[in-house]
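Engineer: Structure here, sequence nowhere to be found:
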């Protein structure tokens with residue numbers, strides 16, 4: 001018989017935390033910084049809404065589901081919509097009774113946009129699937145670049161031409177994988193806000209917790225979850241920044257941003273190439289660029305992980321509404337839409353989050 005228990009993560013007993021970490025250590029597909037207890041605790045510091053549902057069988061903890069509780073009846077994946085991977089942490093050979101668990105704790109709607117598509121518990125709840133772009137650096141930077149040159153020769157040439165041009169006209173390029181410069185944290189937010197505004201995208205910092213979490217992320221330093229603020233310089237000019245989370249030799253790409261003054265040099269391309277070089281030298285084996293049809297992600301990736309988008313709805317009318325919402329989004333997202341369609345997509349997302 002399965003026993004279900006729910007704790008706010010701030011009061012999670014050590015035995016549950018230890019079981020969580022043990023499951024991650026023995027399950028390679030779950031070794032991602034966004035699935036660590038440290039990441040969930042960090043998000044909770046800024047949202048105060050992270051809870052953990054555990055499943056026990058014969059006194060043994062066999063499954064963990066971290067959630068963000070938006071209201072008494074609605075929950076979502078932790079850090080949504082700015083996370084890169086979510087899912088259930090469970091022992092091999094077990095199935096987590098997710099609908100029973102949600103119902104038991106009064107949750108009628110559980111929404112997700114980055115859940116591991118292979119997990120059987122979510123199989124019938126996907127509105128659609130997407131791919132999270134991965135840069136596999138298992139064999140180092142040089143083999144990765146050689147593969148890029150072979151599969152995408154024009155893109156490869158463009159990257160290195162831009163690098164030479166910026167170095168020649170602006171100054172020698174220098175990359176730091178980790179910086180503690182507080183001023184650069186502020187600059188990251190300013191550059192990203194400017195970029196989103198120029199492209200008529202939703203401001204990710206409209207929720208205050210996101211801005212606070214971003215600014216303090218570099219202070220997060222635990223064995224399996226470390227904030228990493230990286231900077232690309234041209235001469236003495238910081239031209240691009242990258243905020244990521246490192247754990248299990250995987251670096252997530254939370255926020256890249258660049259100084260619009262240097263846009264003609266494509267600093268985002270150069271930033272990522274230098275990030276991959278430095279990551280490989282530091283022993284990082286993969287960089288998770290996240291899901292979406294962003295051209296840069298598509299160009300740099302050499303493998304991917306399937307993620308599911310949708311929700312588990314325990315009432316019929318919520319299921320119907322959810323299907324309509326995600327059908328509209330899937331029809332529009334990923335298209336080379338004009339600004340009007342992008343704005344419509346943004347409004348659909350806003351309505352769905354209300």
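Structural biologist: Alright, I've got the coordinates. What you see is a predicted model; the values in this text were computed from it and never measured.
Engineer: As a check, name the ranges of all strands in the stretch 201-350 of the chain.
Structural biologist: Under the criterion DSSP state E, counting those that start in this stretch, strands of the stretch 201-350 of the chain are mapped to 221-222, 225-234, 237-247, 250-258, 286-291, 303-313.
Engineer: again with the stretch 51-200 of the chain
Structural biologist: Using DSSP E, counting those that start in this stretch, strands in the stretch 51-200 of the chain cover 60-69, 74-76, 89-90, 109-116, 126-136, 173-176.
Engineer: on contacts alone, who are the packing partners of the fourth one?
Structural biologist: When contacts are defined as 3 or more C-beta pairs under 8 Å, 6 or more residues apart in numbering; DSSP states H and E, strand 109-116 sits against strand 74-76, strand 286-291, strand 303-313, helix 316-332. C-beta: built from backbone N, CA, C; applies to glycine.
Engineer: For those, which has the smallest mean pLDDT value?
Structural biologist: Mean pLDDT per stretch puts helix 316-332 lowest among the helices and strands packed on strand 109-116, at a mean of 66.
Engineer: Identify the bridge partners of residue 229.
Structural biologist: For residue 229, the beta-bridge partners under DSSP bridges are residue 243.
Engineer: doesn't residue 178 make contact with it?
Structural biologist: Yes - at 6.8 Å, residue 229 counts as touching residue 178 under the criterion of C-beta atoms under 8 Å.
Engineer: quick one: which of these two has more around it?
Structural biologist: A direct count of neighbours by other C-beta atoms under 10 Å for residue 229 and residue 178 places residue 229 higher, at 25 against 14.
Engineer: And the more buried one, how far from residue 47?
Structural biologist: 21 Å (C-beta to C-beta, to the nearest Å).
Engineer: re earlier: tell me, what's touching residue 229 and residue 178 both at once?
Structural biologist: Here residue 229 and residue 178 share the contacting residues residue 218, scored by C-beta atoms under 8 Å, 6 or more residues apart in numbering.
Engineer: what sits against the residue nearest to residue 203 when sequence neighbours are not counted?
Structural biologist: Nearest residue to residue 203 in three dimensions, chain neighbours excluded: residue 196, at 5.5 Å (C-beta to C-beta, 6 or more residues apart in numbering). Applying C-beta under 8 Å, 6+ apart to residue 196 gives the contacts 202, 203, 204.
Engineer: For burial, what's the neighbour tally of the residue nearest to residue 175 when sequence neighbours are not counted?
Structural biologist: Leaving aside its chain neighbours, residue 175 sits nearest to residue 274 (3.9 Å; criterion: C-beta to C-beta, 6+ apart). Residue 274: 22 surrounding residues under other C-beta under 10 Å.
Engineer: Touching, residue 274 and residue 176? I think so.
Structural biologist: No - here residue 274 lies out of contact with residue 176, judged by C-beta under 8 Å, at a distance of 9.5 Å.
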